[in-house]
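Participant: okay, here's the prediction I keep looking at, along with the sequence it came from:
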Amino acid sequence: MAGAFWCIVEDDRAGRPKKVTAELLGEATRLARQSGGHVEAVWLADKASEDGLKQLGEWGAVRVWLLEDAALAPFRSEVWTPAVAELAGKEAPQAIFGAVTSRQRELLARLAARLGVGLAADSVAFRVEDGKLIATRPVYAGKLLSKITWAKPPWLATLRPNVFKAEEPKAGAVPAVERPSVAIVPSRMTLVERKEEVATGLPELTEADVVVSGGRGLKGPENFVILEELAKVIGAAVGASRAAVDAGWRPHRFQIGQTGRTISPKLYMGFGISGAIQHLAGMRTSKIIVAVNKDPEAPIFKIADYGIVGDLFEVAPLLTQEFKRLLEK
Amino acid sequence: MKIVVAVKQVPDTATQVKIGADSKGIDPAGITWIVSPYDEFAVEEALRVKEKRGDGEVVVVTLGPERAKEALRTCLAMGADRAIHLNDPAWEAADSLAVSRALAAVIRQEGPQLVFFGRQAIDDDMGAVSTQVAEFLGWPCASWIMEETVAADASSVRVARQVEGGLEIFDIPLPCVLSAQKGLNEPRYPTLKGIMGAKKKEIRDVKAADLGLGADGPRLSVVALEGLPPRPPGRILSGEPAAAAKELVRSLREDAKAI
Ligand SMILES: Cc1cc2nc3c(=O)[nH]c(=O)nc-3n(C[C@H](O)[C@H](O)[C@H](O)COP(=O)(O)OP(=O)(O)OC[C@H]3O[C@@H](n4cnc5c(N)ncnc54)[C@H](O)[C@@H]3O)c2cc1C
Ligand SMILES: Nc1ncnc2c1ncn2[C@@H]1O[C@H](COP(=O)(O)O)[C@@H](O)[C@H]1O
């Protein structure tokens, strides 16, 4: 099944590929190594950058298909899809991988319909077996794992951020850059405005390596400051349970769980969160889970790697102090 | 204006799901079924559009086995006007693409100006069907919407899409497909009057042949459904809070290498 594994580039809308692209390229490189294929990047942007192209090579792309056109920004799936589909029709890739981001989850779904192939959305693992690719994806709010395979290529999948490892960057690797000519159709949708979130100085929830999260145990919106102080020290994003969001203590975009965001940080620390199944749905693929709760029976302790049974109002400031001491060394 | 809402019946989020005998699906015994939560936001929004405009029709559609009628009845009790049930053994093993093709076919027959979906169905958590239906219909679409306003002349809709780091506000001409994110609204509960009234509303059964859909092999197949690998047992750090905090920070640094 030698062939190209395509990775769609997720960029920062300013010509720089994001970290999740390195994760996609890393996983594709490992799968291509097992199956005799090779890895290519597909970059759609209004404006790419030389540094960005170099970066993609170092992350493992031997070729970059660059579609650069002012009409590609802002993202609209009805514009991106026919462009990628046309290229895929000519180049017949073996697989097309995207990231679970607002743009690519829409792109890959539309693309699957246009190409008439299957899509494994929100995958967390892959395996090559007898020349076939098998994807693992959480289902039923992460209570079970479904292993699925495709009837025919290209194999379309989106990959959950922070789950897959990037390869060691290959310094100086230069990718072949192709600028294929494909039709860019006009869009019917017009962007009125982009409302940026108020900058918190903290990383974006779904991209953060460390997430500190608060629940009903915080007792009120004013107390989130305690978690923000901790977050600042360790460079974490601050999330919340639905109980805290529904109480109006945090905007909805910070909700973690089945009806919120799905995160897989290296470290998740929950404070005053009981660990309801719908909350676990959004964070159970975190690498290390820490829970601070005054109730020793709280279900979150069942999946926690480390737990402190205690009052968060006492424990959280102590942790902030300890981390400060550690990181100042 | 006519609005179609696609809803899926799924196991209640709190239900324990067990793997079935074939290891490919779940064991349906003892499951409580509900309307997928995001689809309730979709139904609510459709009802609000109709109420605000003072005219129109809200049609709910589901594809699923006989039991899925319950989900349609719930939506009718919330206030939807009528329902369509894509109910045919031919769809028993339908994957996202087959479901999308069937929904697109029935939507094409109905010819609505606006179609609402949930962001994702909370059983397969695929989050693909709304966008795929839009592709089959050749319509524009926006997913994960947090706000929506239909223009007075019903020619377009203004939506706010949740994206990383903010919201994107778009104007989209109708007809189009939208998928609802939590935060869009607070779904109403069916009233007793609504539940009684729902009994008189139409639920029309539709077969694959009625939509002119022939046999179409699945594009994805399940190899196996598995439980989660066990997490290594955790460590409870007891003792004085200060000592516990110190030990936690040390462990995260030295043992887990997480900081
Ligand atoms: C369809 C559906 C979807 C849902 N989606 C989500 C979702 O996306 N995300 C989500 O989070 N939930 C979701 N829920 C809700 C979920 O079931 C729980 O109700 C919710 O997660 C509870 O939030 P919590 O843990 O903050 O509150 P609680 O369950 O009330 O827990 C609070 C915890 O704080 C502890 N505590 C109190 N005071 C202190 C203190 N001083 N120090 C230390 N600990 C303290 C208590 O012991 C308790 O364990 C959903 C529910 C449904 C039905
Ligand atoms: N069988 C179905 N019948 C009706 N609508 C569905 C069905 N499956 C999915 N949908 C709709 O598509 C949305 C996304 O589903 P999914 O792509 O399966 O996560 C759901 O929230 C529903 O609005």
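Facilitator: That came through, no problem. Ligands and ions are numbered 1, 2, ... in the order given.
Participant: what residue ranges in chain A score low on pLDDT?
Facilitator: A:1-2 (pLDDT under 70).
Participant: from chain B, how far out is the residue nearest the centre of it?
Facilitator: For chain A, the residue whose C-alpha lies nearest the mean C-alpha position (Cα atoms, centre = their mean) is A:P161; its distance is 2.4 Å. For A:P161, the distance to chain B (Cβ to the nearest Cβ, to the nearest Å) stands at 10 Å. The way it works is simple: take the backbone N, C-alpha and C, and place the C-beta from them, glycine included.
Participant: any chance you could read off phi and psi for that residue?
Facilitator: phi -60, psi 150 (degrees, to the nearest 10).
Participant: show me the contacts for the nearest residue to it once chain neighbours are set aside.
Facilitator: Excluding the flanking residues, the one nearest A:P161 by Cβ to Cβ, 6 or more residues apart in numbering or on different chains is A:V20, at 4.6 Å. Taking Cβ atoms under 8 Å, 6 or more residues apart in numbering or on different chains as the criterion, A:V20 is in contact with A:E10, A:A99, A:T101, A:L159, A:P161, A:N162, A:E207.
Participant: remind me which helix or strand A:V20 belongs to.
Facilitator: Using DSSP states H and E, the element containing A:V20 is helix A:19-35.
Participant: could you do B:A104 as well?
Facilitator: Here B:A104 sits within helix B:96-110, counting by DSSP H and E.
Participant: that helix: how far from the chain's middle?
Facilitator: Distance, stretch centre to chain centre, for helix B:96-110: 15 Å (Cα atoms, centre = their mean, to the nearest Å).
Participant: what does that helix contact?
Facilitator: Contacts for helix B:96-110 (Cβ under 8 Å, 6+ apart): A:109, A:112-113, A:116-119, B:2, B:4, B:6, B:59, B:61, B:63, B:84, B:86, B:91, B:94, B:115, B:124, B:126, B:128-129, B:132-133, B:135-137, B:206, B:208, B:211-213, B:216, B:218-220.
Participant: restricted to helices, list these.
Facilitator: Using DSSP state H, the subset of the contacts of helix B:96-110 located in helices is A:A109, A:A112, A:A113, B:V129, B:Q132, B:V133, B:E135, B:F136, B:L137.
Participant: of those residues - the most surrounded one?
Facilitator: Most neighbours among the ones in helices among the contacts of helix B:96-110, by other Cβ atoms under 10 Å in any protein chain shown: A:A109, with 32 neighbours.
Participant: dump the residue contacts of the residue nearest to B:L220 when sequence neighbours are not counted.
Facilitator: Leaving out its chain neighbours, the residue that sits closest to B:L220 by Cβ to Cβ, 6+ apart is A:G118, at 3.6 Å. Going by Cβ under 8 Å, 6+ apart, A:G118 touches A:A112, A:I148, A:W150, A:A151, A:W155, A:L156, B:D95, B:S96, B:L97, B:P218, B:R219, B:L220.
Participant: show me which of the residues you listed neighbour ligand 2.
Facilitator: Among these, the residues lying close to ligand 2 (Cβ under 6 Å from any ligand atom) are B:S96.
Participant: drop anything exposed from the contacts of A:G118.
Facilitator: A:A112, A:I148, A:W150, A:W155, A:L156, B:D95, B:S96, B:L97, B:R219, B:L220 (16 or more other Cβ atoms under 10 Å in any protein chain shown).
Participant: I'd say B:I195 and B:C75 touch.
Facilitator: No - assessed by Cβ atoms under 8 Å, B:I195 is found out of contact with B:C75, at 11.6 Å.
Participant: the more surrounded of the two?
Facilitator: B:C75 (28 against 15).
Participant: for B:P230, give me the pLDDT.
Facilitator: Looking at B:P230, its pLDDT stands at 87.
Participant: which parts of the stretch 1-150 of chain B sit against ligand 1?
Facilitator: B:T13, B:P37.
Participant: break down chain B into its strands, ranges please.
Facilitator: Taking DSSP state E to define them, one finds strands in chain B at B:2-6, B:9-11, B:33-35, B:57-63, B:82-86, B:114-118, B:141-150, B:156-163, B:166-173, B:176-180, B:203-206, B:220-227, B:235-236.
Participant: save those strands as TSV, and put in mean pLDDT too.
Facilitator: Below are these laid out as TSV (pLDDT from 0 to 100):
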stretch	mean pLDDT
strand B:2-6	98
strand B:9-11	98
strand B:33-35	97
strand B:57-63	98
strand B:82-86	98
strand B:114-118	98
strand B:141-150	97
strand B:156-163	97
strand B:166-173	96
strand B:176-180	98
strand B:203-206	98
strand B:220-227	96
strand B:235-236	96
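Participant: one step back: for the residue nearest to A:P161, give its distance to A:A199.
Facilitator: According to Cβ to Cβ, to the nearest Å, A:V20 and A:A199 sit 21 Å apart.
Participant: out of the ones in helices among the contacts of helix B:96-110, who's nearest A:V315?
Facilitator: When these are compared for distance to A:V315 (Cβ to Cβ), A:A109 comes out closest, at 42.6 Å.
Participant: got the contact list for that closest one?
Facilitator: So A:A109 contacts A:S77, A:L119, A:A121, B:S96, B:G127, B:A128, B:T131, B:Q132, B:E135 (Cβ under 8 Å, 6+ apart).
Participant: quick check: closest non-adjacent residue to the first one.
Facilitator: By that I understand A:S77. Leaving aside its chain neighbours, A:S77 sits nearest to A:E106 (4.2 Å; criterion: Cβ to Cβ, 6+ apart).
Participant: how about the fifth one?
Facilitator: The shortest distance from B:G127 to any residue that is not its chain neighbour, by Cβ to Cβ, 6+ apart, is 3.6 Å, and that residue is B:Q120.
Participant: gap between that neighbour and B:G165?
Facilitator: Taken as Cβ to Cβ, the span from B:Q120 to B:G165 is 21 Å.
Participant: looking at those two, which is more packed in?
Facilitator: Taking neighbours as other Cβ under 10 Å, B:Q120 and B:G165 compare with B:Q120 leading, 27 against 16.
Participant: check contacts around the more buried one.
Facilitator: By Cβ under 8 Å, 6+ apart, the contact list for B:Q120 reads B:S36, B:Y38, B:M126, B:G127.
Participant: is it true that the last one touches A:L119?
Facilitator: If I follow you right, that is B:G127. No - judged on Cβ under 8 Å, B:G127 makes no contact with A:L119 at a distance of 9.7 Å.
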